[in-house]
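>>> how would this look folded up:
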Amino acid sequence: MIQNTLGIGIQGIQDGLLGMESAARKIARAGVDGPQGSASGNGDLLEPIVDLKLYQRSVEASAQVVKTADETLGTLLDIMA
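Residues are numbered from 1 along each chain as shown. Just a heads-up that it's a prediction; the model follows:
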């Protein structure tokens with residue numbers, strides 16, 4: 001059960017990092033692809049910036065799952081020793 005939880009947490013971290021990378025790429029491209037000085041250029045940045053923050057929180061939550069599973073495993077090993 002703990003191994004499964006660790007796997008889910010690690011997968012969540014990996015998925016979040018991929019999402020962050022994609023959002024960061026969109027932000028970087030917005031400055032290159034969008035017309036300079038256009039008002040719509042800033043609107044194009046809003047969604048990837050929000051996505052970047054969302055994926056950051058997802059990675060943080062998944063890291064907490066991994067940390068909790070690790071601590072639980074450590075406690076179980078201490079009890080059995």
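>>> verify the contact between K26 and P48 for me.
Yes: using CB atoms under 8 Å, K26 is in contact with P48, at 3.8 Å. Placement of C-beta: from N, CA and C, glycine included.
>>> in contact with the residue nearest the centre of the chain, which residues?
The chain has G16 as the residue nearest its centroid, 2.8 Å off, counting by CA atoms, centre = their mean. Contacts of G16 were listed using CB atoms under 8 Å, 6 or more residues apart in numbering, and they are Y55, Q56, S58, V59, S62.
>>> so it, which state does it fall into?
With DSSP: H, G, I helix; E, B strand; the rest coil as the basis, G16 sits in helix.
>>> what's the pLDDT at it?
Predicted confidence (pLDDT) for G16: 98.
>>> before we move on, what about I2?
So I2 comes in at 79 (pLDDT).
>>> same question for D33.
Looking at D33, the pLDDT reads 67.
>>> same check, this time on M20
Reading off the model, M20 has pLDDT 98.
>>> now the one 10 residues further on
Per-residue confidence (pLDDT) for A30: 86.
>>> run a quick neighbour tally on it.
18 (other CB atoms under 10 Å).
>>> sec struct for it, please.
helix.
>>> tell me how far it lies from Q56.
18 Å (CB to CB, to the nearest Å).
>>> now do the helix ranked longest in the chain: which elements does it pack against?
Across the chain, the longest stretch assigned as helix under DSSP state H is helix 40-80. Judged by 3 or more CB pairs under 8 Å, 6 or more residues apart in numbering; DSSP states H and E, helix 40-80 is in contact with helix 2-33.
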